[in-house]
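Student: The amino acid sequence is not available; the structure is as follows:
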């Protein structure tokens, strides 16, 4: 599992496939508040940059996402409750623990492992300054998801999904538009209980997806499915909180690492040989 | 210097001048260098014009998207407009400092008279902000990350507005549990909701009708709940005041002439005829039209009946004197115009109930019927040419 994990990560997060320019020169960008980021955020040499990007890939759980949730907390948030057996999707059968009074119960052990993979992947994408898009078509949680996306500085799309948004983006937005690097589905189905168009389009555009799949959803095209309940408010709030924490944590870590390297390079120029390994971030235990 | 012409067809024609030695005493200095180069015979040669056409391959120009105007371009246009405004003011002999847009419009109409029917095709000189449509700058930074968190929806301004309004609704509903009171809606009179075009202009985004209706529904729901002054102000940003048009008949004020006689004046129109009538309060039923007696001006009985109708309706046949002027139209149209003018003038001497009766009788409404134009392919306005089976 430990060896498979870095392979998985490297498989998904290969840099420079679609946009060779962006990830090589992560130039000074603007934050969502409109304030231009400090010009000195770009590391001076590509060697430092390569080290910054490769360091997290050497650890299995660099961002320590395991501590953010537990099977008990998932159970308390009612994540294990699925739909009735009649709504069950054939491909969700491996993830279902059983059924009680005709209602399917999702196996939380599997959920925990899938969720850990998904959160880890999200953290790595956020660390590498990728664009994350939250997608959902459930009107009950539109406001919550948009707020979550805004709070962590990422993007949301909880409205009517226009036809060629991902596949015909240069025409809709402009020739030099940048597509999302990760799409997180909090609801995989749309309002008519059909798979959301973005699942298929993301697969077409080689965009990795993380998705909360309920017992009536199709987990096939989703890169990191997370079997769980997507209808109860506590469950969706838990997922939003987890994603927000993980993304903010990863971004904070990136800022710290860059600041550290910036401090180190003038020191090295002066002749200091000591190269301190970047310490682990002081994680605040939050659930 | 010959300016290069725009190659629309892809061909450029060059003119080659064969310069010979032109023996002109005055121009010798100019041509000497050329002549020295060519070394032709002693005879002066005629200037020959050789017209050669160089055919270039036609490049297929792809259909361009909407023209994007850069900020610098717009700024330059604004500067040029301001300078041009001052020049125009000087030309018209007015003060450049106090030259308003109306003055500019009048000056342009004077300097460039245009007979075109389409008003929008006539020459205009307006501030560039009114001419160039408002456009969006690039929505993302150097690293490609969009600025707005709802960028990928396509309609970021509209959806962020909906998000904001919904957020306010939720806040109010949370507070509602503490204070369940409702306020009356008295601020709605005299204002209307923004129309779809105005909202599109405000957001610089295209909207659909359903989007617009959803938005208005949300705002109305917000109004039905009790809201704080800040939220009221927010909602009123999307309302425009409307001039309340009173449906009441405008009653002319009574005026007094030099002899102290009370009269009232008003105008009337019918087809192309325009009339102005002065109705004196006390008189003996004399009507003067364009200086002549009505009997002479309107020989036809029908026209005189039209003039009689308002007085006959109010049973005041011999009680008022009328002086009127009329121009345009034919006899029937002039009669109708005078009738309307007299009826309107009579309103000032009559009770409100009688005004209402007159209105219901149709005496106070301008007849909107005008001559319909003849259409091509038809004999007249409606009459078609005789249909021939073969």
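Tutor: Noted; the coordinates are in hand. All values reported here derive from a predicted model rather than from experimental measurement.
Student: from here on, contacts and neighbour counts on C-alpha atoms
Tutor: Fine.
Student: Run through the residues that contact the residue of chain B found nearest chain A.
Tutor: Proximity of chain B to chain A (C-alpha to the nearest C-alpha) peaks at residue B:149, 4.5 Å away. Residue B:149 makes contact with A:32, A:149-150, A:153-156, according to C-alpha atoms under 8 Å, 6 or more residues apart in numbering or on different chains.
Student: Check whether it sits in a helix, strand or coil.
Tutor: The three-state assignment at residue B:149 reads coil, by DSSP: H, G, I helix; E, B strand; the rest coil.
Student: Show me the shaky parts of the stretch 1-150 of chain A.
Tutor: A:1-44 (pLDDT under 70).
Student: what does the stretch 151-287 of chain A give?
Tutor: Using pLDDT under 70, the stretch 151-287 of chain A drops low at A:271-287.
Student: Alongside chain B, which residues does it contribute?
Tutor: A:153-162, A:165, A:172-173, A:177-178 (C-alpha under 8 Å from any C-alpha of the partner chain).
Student: mind listing which of these are in helices?
Tutor: residue A:172 (DSSP state H).
Student: Just the buried ones out of the residues of the stretch 151-287 of chain A next to chain B, please.
Tutor: Among these, those classed as buried by 16 or more other C-alpha atoms under 10 Å in any protein chain shown are A:153-159, A:161, A:165, A:173, A:177-178.
Student: Pick out whichever of the residues you listed sits closest to chain B.
Tutor: residue A:155 (4.5 Å).
Student: Just list the residues touching that closest one, thanks.
Tutor: Residues in contact with residue A:155 (C-alpha under 8 Å, 6+ apart) are A:131-134, A:146, A:149, B:148-152.
Student: Dump these to JSON lines, plus distance to residue B:374.
Tutor: Shown next, in JSON lines, are the contacts of residue A:155 (distance: C-alpha to C-alpha, whole Å):
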{"residue": "A:131", "distance to residue B:374": "64"}
{"residue": "A:132", "distance to residue B:374": "64"}
{"residue": "A:133", "distance to residue B:374": "62"}
{"residue": "A:134", "distance to residue B:374": "62"}
{"residue": "A:146", "distance to residue B:374": "60"}
{"residue": "A:149", "distance to residue B:374": "64"}
{"residue": "B:148", "distance to residue B:374": "56"}
{"residue": "B:149", "distance to residue B:374": "58"}
{"residue": "B:150", "distance to residue B:374": "55"}
{"residue": "B:151", "distance to residue B:374": "54"}
{"residue": "B:152", "distance to residue B:374": "54"}
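Student: Spatially, which two of these are the most separated?
Tutor: A:131 and A:146 (14.9 Å; C-alpha to C-alpha).
Student: now the helices for the stretch 51-200 of chain A?
Tutor: Secondary structure of the stretch 51-200 of chain A by DSSP state H, counting those that start in this stretch: the helices cover A:71-76, A:108-127, A:142-151, A:169-172, A:197-204.
Student: taking those together, which one is wrapped up most tightly?
Tutor: helix A:108-127 (a mean of 22; mean count of other C-alpha atoms under 10 Å in any protein chain shown).
Student: got a list of contacts for that helix?
Tutor: Against helix A:108-127 from outside (C-alpha under 8 Å, 6+ apart): A:9, A:13, A:56, A:61, A:63, A:65-66, A:70-71, A:74-75, A:79-80, A:95, A:131-132, A:181-182, A:210, A:224-228, A:242-243, A:246-247, A:249-251, A:253-254.
Student: please redo it, this time with the cut-off set to 7 Å
Tutor: Around helix A:108-127, the neighbours that count as contacts under C-alpha atoms under 7 Å, 6 or more residues apart in numbering or on different chains are A:9, A:61, A:63, A:65-66, A:71, A:80, A:95, A:210, A:224-228, A:243, A:246-247, A:250-251, A:254.
Student: likewise stretch B:306-313?
Tutor: B:317, B:335-336, B:338-339, B:343.
Student: Who wins on neighbours among those?
Tutor: residue B:339 (30 neighbours; other C-alpha atoms under 10 Å in any protein chain shown).
Student: so that one sits in a helix?
Tutor: Yes. Assessed by three-state DSSP, residue B:339 belongs to a helix.
Student: Spit out the contact partners of it.
Tutor: Contacts of residue B:339 (C-alpha under 7 Å, 6+ apart): B:306-307.
Student: Strands along chain A, start to end?
Tutor: A:81-84, A:96-100, A:103-106, A:132-135, A:155-157, A:182-185, A:209-213, A:224-227 (DSSP state E).
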